[in-house]
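In: Structure for this input, please:
(one chain, ligands or ions: 2)
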Amino acid sequence: MCASIQDLWDYHIHSKRCGHAVGKLQEYVQQAIKIGLQEIGLSDHFPMFFLPKEANAEQFAMPRDQFAEYLEECRILQSKYSDKIQIKIASEVDYYPDPHVLSQLYSELKKYESKLDYLIGSIHIIKIDDEIPFPVDSPDIMEKFQKFGEETIFSEYYKNLIKMVKTGVFQIVGHCDLPKKIRNIFW
Ligand SMILES: [Zn+2]
Ligand SMILES: [Zn+2]
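Out: Numbering: from 1, shown residues only. Ligands and ions are numbered 1, 2, ... in the order given. Sure thing, here's the model as predicted:
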């Protein structure tokens, strides 16, 4: 039996705030209401300041000082549209298995804990041997595939993904196979 649209949710929504989509959060809420969704989760990317500097990842999310403002915008939308749709407030957070990186992340998350309904955990940046950490979904990933081999990249990605799940910090896995996002365009 097919689920009707009313039985569906979308818990992975980005807006122009984090640079991973276009349009304002409100437009996503209005579209969700229009198509009849009962519940959605706003989940712009968490600021990436805590990731290794060499990975140059900070540009892929909102600046650190805008996260509180993002949560406030979500809260306003949640109450404004409460009679039409259930809105959960969330964030997609990078996991990178380095103790120093994680301690910075966890102390930042602590500040917002009470305002977040769930966290999406995602791996975007990996590190192979002593090389510079790199994003597995960047356009130059093809060079990395040639340099390190597919198996090495996928194994590192999945090794980190398993560690991330085991932390118990995240309620949802963002994507299970990100290295193939760009790879599939070429293969
Ligand atoms: Zn995402
Ligand atoms: Zn992602």
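
In: Strands of the protein, start to end?
Out: Using DSSP state E, the strands of the chain run over 9-13, 39-42, 86-94, 118-122, 125-126, 134-135, 172-173.

In: and the second one, what does it pack onto?
Out: It refers to strand 39-42. Identification of packing neighbours for strand 39-42 by 3 or more CB pairs under 8 Å, 6 or more residues apart in numbering; DSSP states H and E yields strand 9-13, helix 25-35, strand 86-94. Every residue, glycine included, has its C-beta placed from N, CA and C.

In: Can you mark which positions in stretch 107-125 are buried?
Out: Across stretch 107-125, burial judged by 16 or more other CB atoms under 10 Å covers E108, L109, Y112, L116, D117, L119, I120, G121, S122, I123, H124, I125.

In: what about it, near ligand 2?
Out: Yes: on the criterion CB under 5 Å from the ion, stretch 107-125 is in touch with ligand 2 at S122.

In: Any idea how far apart the tips of that stretch sit?
Out: The straight-line separation of the ends of stretch 107-125 (CA to CA, to the nearest Å) is 20 Å.

In: Check the offset of it from the chain's centre.
Out: Distance, stretch centre to chain centre, for stretch 107-125: 9 Å (CA atoms, centre = their mean, to the nearest Å).

In: Look up how far ligand 2 lies from the residue nearest to S15 when sequence neighbours are not counted.
Out: Once flanking residues are discounted, S15 sits nearest to L25: 4.7 Å by CB to CB, 6 or more residues apart in numbering. Distance of L25 to ligand 2, computed by CB to the ion, to the nearest Å: 17 Å.
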